[in-house]
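*Asks:* for reference, the sequence and a predicted model appear below.
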Amino acid sequence: MAELITVSDPGDPRLHDYTGLTDVELRRRREPAEGLFIAEGEKVIRRAKDAGYAMRSMLLSPKWVDAMRDVVDELPAPVYVADPELAEQVTGYHVHRGALASMQRRPLPAATDLLRTARRVVIMESVNDHTNIGAIFRSAAALGMDAVLLSPDCADPLYRRSVKVSMGAVFSVPYARLDPWPQGLGPVREAGFTLLALTPDEKARSLDEAAPHRMDRVALMLGAEGSGLSTRALAAADEWVRIPMSHGVDSLNVGAAAAVAFYAVATGRPQE
């Protein structure tokens, strides 16, 4: 059973994991180096725990202690209880969900290990917006994608904002880094995947024409908001595909485009 510890000093060194959560650059450096990530809100904390991530500690407002009692009772880590005002001083923002947990990271699998059993894969290049990362993972989980592969410069899926936007889907879809880039795409093709680059370019075939749901193994490549896939990534693809647009709209946000494309890729896939 966890020890409940009431804290009254925002400078308490035991709260080190939770300090400065709004400082993106600080957290980008600290969290991977220290082997931690932050889960926010009851649902996300429970999903992280159910996915097998070990909990280092929790930071709860008093009213959330009872709501999280079952987790608290079986947790071998400390639970810090703090008034919302103090939690805001520590984290840098109003923790309106009232529950934070510091979780232990796990080593990432090798991309080749994920490719052995996957048939529908997402490949992201230079997607460094945490909101987009979270939204893409949520759609990938909901629409039946098997794995996510990230170029080295993609944002961290376990950054607090990514986890929160994904509603914990980052815990249910396995992911790995493709390094070096774009040479790392070679093993994807060697594993039998057709590399489809999603682009609004008029030279691309529409998703309907390409019919990716009929392909045996598909790797759908997505680029960053605005700039899209790089010239090198486009050159490495087997085929370019696009989502037809209407009413003079030239493209969709990458999160929305991903959801549409995932549906086209996964619909009608043979059942396991």
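*Replies:* Arrived safely, thanks for sending.
*Asks:* tell me the centre residue of the chain?
*Replies:* Nearest residue to the geometric centre of the chain (C-alpha atoms, centre = their mean): Pro157, 3.4 Å.
*Asks:* now that residue: how far from Pro13?
*Replies:* Separation of Pro157 from Pro13 (C-beta to C-beta, to the nearest Å): 28 Å. Glycine gets a C-beta too; all of them are placed from N, C-alpha and C.
*Asks:* all strands of the stretch 51-200 of the chain, in order?
*Replies:* Ranges of strands in the stretch 51-200 of the chain, per DSSP state E, counting those that start in this stretch, are 55-60, 79-81, 99-104, 120-124, 147-150, 175-177, 194-198.
*Asks:* between the helix or strand harbouring Ala257 and strand 120-124, how many degrees?
*Replies:* If you go by DSSP states H and E, Ala257 is part of helix 254-266. Going by axes from the mean of the first three to the mean of the last three C-alpha atoms, to 10 degrees, helix 254-266 is angled at 160 degrees with respect to strand 120-124.
*Asks:* using PDB, write down the CA coordinates of helix 254-266.
*Replies:* C-alpha atoms of helix 254-266 as PDB (Å, rounded to 0.1, in the frame of the first residue of the first chain):
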ATOM      1  CA  VAL A 254      -2.100  16.200 -40.400                       C
ATOM      2  CA  GLY A 255      -4.100  14.700 -37.500                       C
ATOM      3  CA  ALA A 256      -7.400  14.800 -39.500                       C
ATOM      4  CA  ALA A 257      -5.600  13.600 -42.700                       C
ATOM      5  CA  ALA A 258      -4.200  10.700 -40.800                       C
ATOM      6  CA  ALA A 259      -7.600   9.600 -39.500                       C
ATOM      7  CA  VAL A 260      -9.100   9.600 -43.000                       C
ATOM      8  CA  ALA A 261      -6.100   7.700 -44.500                       C
ATOM      9  CA  PHE A 262      -6.000   5.100 -41.600                       C
ATOM     10  CA  TYR A 263      -9.700   4.300 -42.300                       C
ATOM     11  CA  ALA A 264      -8.900   3.800 -46.000                       C
ATOM     12  CA  VAL A 265      -5.900   1.600 -45.200                       C
ATOM     13  CA  ALA A 266      -7.500  -0.500 -42.600                       C
END
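*Asks:* who's in contact with it?
*Replies:* Residues outside helix 254-266 that contact it (C-beta atoms under 8 Å, 6 or more residues apart in numbering) are 120, 122, 127, 131-132, 135-136, 139-140, 143-145, 196, 198, 207-208, 212-213, 218, 220, 222-225, 241, 243, 251-252.
*Asks:* same thing with stretch 76-92?
*Replies:* Residues outside stretch 76-92 that contact it (C-beta under 8 Å, 6+ apart) are 2-8, 10, 12, 14-15, 18-23, 55-62, 65, 72, 94-95, 98, 100.
*Asks:* buried subset of these, written for PyMOL?
*Replies:* Buried members of the contacts of stretch 76-92, defined by 16 or more other C-beta atoms under 10 Å, are picked up in PyMOL with:
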select buried, resi 2+7+10+12+15+18+19+21+55+56+57+58+59+60+61+65+72+95+98+100
